[in-house]
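Enquirer: predicted model, plus sequence, below.
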Amino acid sequence: MELAGLFYIFAHIAVAAWALIWTWWLRRDRFALVRDVFLVTQLLTVAFYVALPTAPPRLVPGAGVSDTLAGLWGREVADSAHLLQSPYAAMPSGHVAFALVAGATFAAIGDRRWLRAFGWAHPPAMAAVTMITGHHLRLDAAGAVAVVTAAGGLVLATRALGRRARAGRGAGRVPAPRSAWAQASPG
(Lines give C-alpha, C1' and ligand atoms only; values in the text may rest on other atoms or scores of the structure.)
Protein backbone atom coordinates (compact mmCIF):
# COMPACT_ATOMS: atom_id res chain seq x y z
CA MET A 1 0.00 0.00 0.00
CA GLU A 2 2.91 2.32 0.69
CA LEU A 3 4.30 1.78 -2.82
CA ALA A 4 0.87 2.51 -4.29
CA GLY A 5 0.66 5.71 -2.24
CA LEU A 6 4.11 6.83 -3.38
CA PHE A 7 3.24 6.03 -7.00
CA TYR A 8 0.02 8.03 -6.66
CA ILE A 9 1.82 11.08 -5.30
CA PHE A 10 5.00 11.13 -7.36
CA ALA A 11 4.14 9.56 -10.73
CA HIS A 12 1.32 12.02 -11.39
CA ILE A 13 3.52 15.07 -12.03
CA ALA A 14 6.72 13.22 -12.90
CA VAL A 15 5.26 11.25 -15.82
CA ALA A 16 3.31 14.25 -17.15
CA ALA A 17 6.47 16.38 -17.01
CA TRP A 18 8.45 13.59 -18.67
CA ALA A 19 5.93 13.45 -21.53
CA LEU A 20 6.15 17.20 -22.07
CA ILE A 21 9.94 17.38 -21.82
CA TRP A 22 10.43 14.30 -24.01
CA THR A 23 8.08 15.68 -26.65
CA TRP A 24 9.81 19.08 -26.56
CA TRP A 25 13.25 17.58 -27.06
CA LEU A 26 12.58 14.66 -29.39
CA ARG A 27 9.25 15.31 -31.11
CA ARG A 28 9.04 19.09 -31.33
CA ASP A 29 6.57 18.72 -34.21
CA ARG A 30 4.06 17.24 -31.73
CA PHE A 31 4.85 19.36 -28.68
CA ALA A 32 2.19 22.04 -29.20
CA LEU A 33 -0.49 19.38 -29.61
CA VAL A 34 0.55 17.49 -26.47
CA ARG A 35 0.90 20.72 -24.46
CA ASP A 36 -2.51 21.96 -25.57
CA VAL A 37 -4.21 18.67 -24.72
CA PHE A 38 -2.63 18.78 -21.24
CA LEU A 39 -3.79 22.39 -20.75
CA VAL A 40 -7.36 21.83 -21.94
CA THR A 41 -7.53 18.64 -19.87
CA GLN A 42 -6.50 20.62 -16.78
CA LEU A 43 -9.01 23.40 -17.53
CA LEU A 44 -11.89 20.95 -17.99
CA THR A 45 -10.89 19.01 -14.88
CA VAL A 46 -10.83 22.15 -12.74
CA ALA A 47 -14.18 23.26 -14.21
CA PHE A 48 -15.69 19.97 -13.03
CA TYR A 49 -14.12 20.37 -9.57
CA VAL A 50 -15.66 23.83 -9.23
CA ALA A 51 -19.05 22.88 -10.66
CA LEU A 52 -19.39 19.55 -8.87
CA PRO A 53 -17.10 19.26 -5.82
CA THR A 54 -16.81 15.59 -4.87
CA ALA A 55 -14.96 14.10 -1.92
CA PRO A 56 -12.72 11.09 -2.53
CA PRO A 57 -13.74 7.79 -0.93
CA ARG A 58 -10.94 8.05 1.64
CA LEU A 59 -12.62 11.14 3.15
CA VAL A 60 -16.16 9.74 3.31
CA PRO A 61 -16.92 8.57 6.86
CA GLY A 62 -18.24 5.04 7.02
CA ALA A 63 -17.26 4.20 3.42
CA GLY A 64 -14.91 1.49 4.64
CA VAL A 65 -11.90 3.03 2.91
CA SER A 66 -8.85 3.95 4.95
CA ASP A 67 -7.10 7.27 4.43
CA THR A 68 -3.90 6.02 2.83
CA LEU A 69 -2.50 9.55 2.63
CA ALA A 70 -2.70 9.85 6.42
CA GLY A 71 -1.28 6.34 6.81
CA LEU A 72 1.69 7.14 4.60
CA TRP A 73 2.57 10.67 5.68
CA GLY A 74 0.70 11.19 8.97
CA ARG A 75 -2.51 13.02 9.83
CA GLU A 76 -0.90 16.50 9.82
CA VAL A 77 0.36 16.15 6.25
CA ALA A 78 -2.91 14.61 5.06
CA ASP A 79 -4.86 17.46 6.63
CA SER A 80 -2.62 20.06 4.97
CA ALA A 81 -2.86 18.47 1.51
CA HIS A 82 -5.68 20.92 0.78
CA LEU A 83 -3.02 23.63 0.44
CA LEU A 84 -2.01 22.06 -2.88
CA GLN A 85 -5.37 20.75 -4.05
CA SER A 86 -8.98 20.90 -3.01
CA PRO A 87 -10.07 17.96 -0.86
CA TYR A 88 -13.21 17.90 -3.02
CA ALA A 89 -11.46 17.29 -6.33
CA ALA A 90 -12.19 13.63 -6.95
CA MET A 91 -14.42 13.75 -10.03
CA PRO A 92 -12.92 13.43 -12.59
CA SER A 93 -9.58 11.99 -11.56
CA GLY A 94 -6.85 14.43 -12.56
CA HIS A 95 -4.29 11.71 -11.91
CA VAL A 96 -5.94 9.38 -14.40
CA ALA A 97 -6.53 12.21 -16.89
CA PHE A 98 -2.87 13.22 -16.92
CA ALA A 99 -1.82 9.56 -17.07
CA LEU A 100 -4.05 9.13 -20.14
CA VAL A 101 -2.53 12.13 -21.94
CA ALA A 102 1.05 11.11 -21.08
CA GLY A 103 0.37 7.46 -21.89
CA ALA A 104 -1.24 8.30 -25.22
CA THR A 105 1.73 10.52 -26.06
CA PHE A 106 4.24 7.74 -25.44
CA ALA A 107 2.08 5.01 -27.01
CA ALA A 108 1.43 7.01 -30.17
CA ILE A 109 4.77 8.65 -30.87
CA GLY A 110 7.27 6.80 -28.65
CA ASP A 111 10.51 6.04 -30.41
CA ARG A 112 11.26 2.86 -28.46
CA ARG A 113 9.23 -0.30 -27.93
CA TRP A 114 9.58 -0.07 -24.13
CA LEU A 115 8.35 3.54 -24.20
CA ARG A 116 5.27 2.64 -26.24
CA ALA A 117 4.61 -0.26 -23.86
CA PHE A 118 4.93 2.11 -20.91
CA GLY A 119 2.45 4.43 -22.63
CA TRP A 120 -0.11 1.62 -22.79
CA ALA A 121 0.55 0.40 -19.23
CA HIS A 122 0.73 3.67 -17.30
CA PRO A 123 -2.93 4.83 -17.46
CA PRO A 124 -4.44 1.53 -16.24
CA ALA A 125 -1.77 1.33 -13.52
CA MET A 126 -2.59 4.87 -12.35
CA ALA A 127 -6.32 4.13 -12.43
CA ALA A 128 -5.79 1.00 -10.33
CA VAL A 129 -3.60 2.84 -7.84
CA THR A 130 -6.09 5.70 -7.45
CA MET A 131 -8.80 3.20 -6.58
CA ILE A 132 -6.87 0.93 -4.21
CA THR A 133 -5.54 3.94 -2.28
CA GLY A 134 -9.06 5.31 -1.82
CA HIS A 135 -8.49 8.50 -3.77
CA HIS A 136 -10.96 7.75 -6.56
CA LEU A 137 -13.77 5.49 -7.70
CA ARG A 138 -14.16 3.82 -11.10
CA LEU A 139 -16.60 6.58 -11.99
CA ASP A 140 -13.85 9.17 -11.41
CA ALA A 141 -11.57 7.29 -13.82
CA ALA A 142 -14.39 7.12 -16.38
CA GLY A 143 -14.84 10.87 -15.93
CA ALA A 144 -11.14 11.30 -16.69
CA VAL A 145 -11.54 9.36 -19.94
CA ALA A 146 -14.45 11.63 -20.91
CA VAL A 147 -12.47 14.79 -20.06
CA VAL A 148 -9.40 13.70 -22.04
CA THR A 149 -11.56 12.68 -24.99
CA ALA A 150 -13.28 16.08 -24.94
CA ALA A 151 -9.97 17.92 -24.53
CA GLY A 152 -8.40 16.06 -27.45
CA GLY A 153 -11.46 16.71 -29.59
CA LEU A 154 -11.48 20.43 -28.74
CA VAL A 155 -7.78 20.81 -29.47
CA LEU A 156 -7.99 18.94 -32.79
CA ALA A 157 -11.11 20.86 -33.86
CA THR A 158 -9.50 24.19 -32.99
CA ARG A 159 -6.39 23.26 -34.95
CA ALA A 160 -8.49 22.20 -37.96
CA LEU A 161 -10.36 25.51 -37.89
CA GLY A 162 -7.08 27.38 -37.66
CA ARG A 163 -5.70 25.52 -40.70
CA ARG A 164 -8.87 26.30 -42.65
CA ALA A 165 -8.66 29.97 -41.76
CA ARG A 166 -4.98 30.14 -42.74
CA ALA A 167 -5.70 28.36 -46.03
CA GLY A 168 -8.49 30.84 -46.74
CA ARG A 169 -6.26 33.83 -46.00
CA GLY A 170 -3.71 32.39 -48.38
CA ALA A 171 -6.29 32.70 -51.17
CA GLY A 172 -7.03 36.29 -50.14
CA ARG A 173 -10.20 35.61 -48.15
CA VAL A 174 -11.52 33.48 -45.34
CA PRO A 175 -14.35 31.30 -46.63
CA ALA A 176 -17.66 31.56 -44.81
CA PRO A 177 -18.54 28.41 -42.92
CA ARG A 178 -21.12 26.34 -44.73
CA SER A 179 -23.67 24.18 -43.05
CA ALA A 180 -24.21 20.60 -44.10
CA TRP A 181 -27.56 21.70 -45.54
CA ALA A 182 -25.95 24.40 -47.70
CA GLN A 183 -23.33 21.98 -48.95
CA ALA A 184 -26.00 19.50 -50.04
CA SER A 185 -28.17 22.12 -51.78
CA PRO A 186 -27.46 22.89 -55.44
CA GLY A 187 -26.27 26.34 -56.32
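Expert: It's in.
Enquirer: so the residue nearest to residue 38 when sequence neighbours are not counted versus residue 159, what's the distance?
Expert: Closest residue to residue 38 apart from its sequence neighbours, by CB to CB, 6 or more residues apart in numbering: residue 101 at 5.4 Å. All C-beta spots, glycine's among them, are computed from the backbone N, C-alpha and C. In this view, residue 101 and residue 159 are 16 Å apart by CB to CB, to the nearest Å.
Enquirer: settle it for me: which of the two has more neighbours?
Expert: In this view residue 101 and residue 159 are compared by other CB atoms under 10 Å, and residue 101 has more residues nearby, 27 against 13.
Enquirer: next secondary structure element downstream of whatever helix or strand that one lives in?
Expert: Using DSSP states H and E, residue 101 sits within helix 94-109. From helix 94-109 onward toward the C-terminus, using DSSP H and E, the following helix or strand is helix 113-132.
Enquirer: all helices for this structure, in order.
Expert: Along the chain, counting by DSSP state H, helices occupy 2-26, 28-51, 68-73, 75-80, 94-109, 113-132, 138-170, 180-184.
Enquirer: residue nearest the centroid of this structure?
Expert: residue 97 (2.7 Å; CA atoms, centre = their mean).
Enquirer: how far away is residue 23 from residue 58?
Expert: For residue 23, the distance to residue 58 - CB to CB - is 33 Å.
Enquirer: that should have said residue 163, apologies.
Expert: 45 Å.
Enquirer: more crowded one of those two?
Expert: Taking other CB under 10 Å, residue 163 and residue 58 do not tie; residue 58 has more neighbours (20 against 10).
Enquirer: surely the more buried one and residue 137 touch.
Expert: No: at 10.7 Å, residue 58 does not count as touching residue 137 under the criterion of CB atoms under 8 Å.
Enquirer: now stretch 18-25: mean pLDDT?
Expert: Stretch 18-25 shows a mean pLDDT of 96.
Enquirer: could we number from 34 for the rest of this?
Expert: Sure thing, new numbering starts at 34, so read that last one as stretch 51-58.
Enquirer: just the pLDDT at the residue nearest to the centre of the chain, thanks.
Expert: 96.
Enquirer: which one is it nearest to, not counting chain neighbours?
Expert: Spatial nearest neighbour of residue 130, chain neighbours left out: residue 177 (4.0 Å); criterion: CB to CB, 6+ apart.
Enquirer: the one you found: what's it in contact with?
Expert: 78, 125, 126, 127, 128, 129, 130, 133, 160 (CB atoms under 8 Å, 6 or more residues apart in numbering).
Enquirer: which one of the residues you listed is nearest to residue 64?
Expert: residue 133 (17.9 Å; CB to CB).
Enquirer: what separation do you get for that closest one and residue 152?
Expert: According to CB to CB, residue 133 stands 10 Å off from residue 152.
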